[in-house]
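Colleague: here is a sequence together with a model predicted from it:
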Amino acid sequence: MPKLKSKSSVKKRFKLSSTGKVLAPQANKRHGMIKRTNKQRRNQRGLATLSPQDARIIRKFLCA
């Protein structure tokens with residue numbers, strides 16, 4: 001059986017931390033920033049850690 005390829009779209013959207021957790025960009029930050037508070041916008045920066053249930057699915061695509 002041939003080796004499975006990694007999903008290229010998943011490689012572009014997620015990354016693994018050094019401890020093995022899956023990091024993803026923050027959601028809800030594409031448009032409508034004017035009506036959000038400064039605190040909301042500040043907290044939306046950077047990456048978010050996925051829950052273990054979601055991370056298991058993404059890790060399967062990253063390492064396939």
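Modeller: Good, I have the coordinates.

Colleague: distance-wise, check the residue nearest to the spatial centre of the chain relative to Q40.
Modeller: In the chain, the residue lying closest to the centroid (CA atoms, centre = their mean) is A24, at 1.6 Å. Distance, A24 to Q40, using CB to CB, to the nearest Å: 18 Å. No exception for glycine: its C-beta is placed from N, CA and C like everyone else's.

Colleague: now K21
Modeller: 24 Å.

Colleague: ditto for L50
Modeller: 20 Å.

Colleague: also G46?
Modeller: G46 is 14 Å from Q40, by CB to CB.

Colleague: what's the answer for K60, then?
Modeller: Counting by CB to CB - K60 and Q40 are separated by 32 Å.

Colleague: all helices for this protein, in order.
Modeller: 8-13, 38-43, 52-62 (DSSP state H).

Colleague: circling back to that earlier point, which residue of G46 and Q40 possesses the greater neighbour count?
Modeller: Q40 (12 against 9; other CB atoms under 10 Å).

Colleague: so K29 sits against G46, correct?
Modeller: No. K29 is beyond contact range of G46, at 10.6 Å (criterion: CB atoms under 8 Å).
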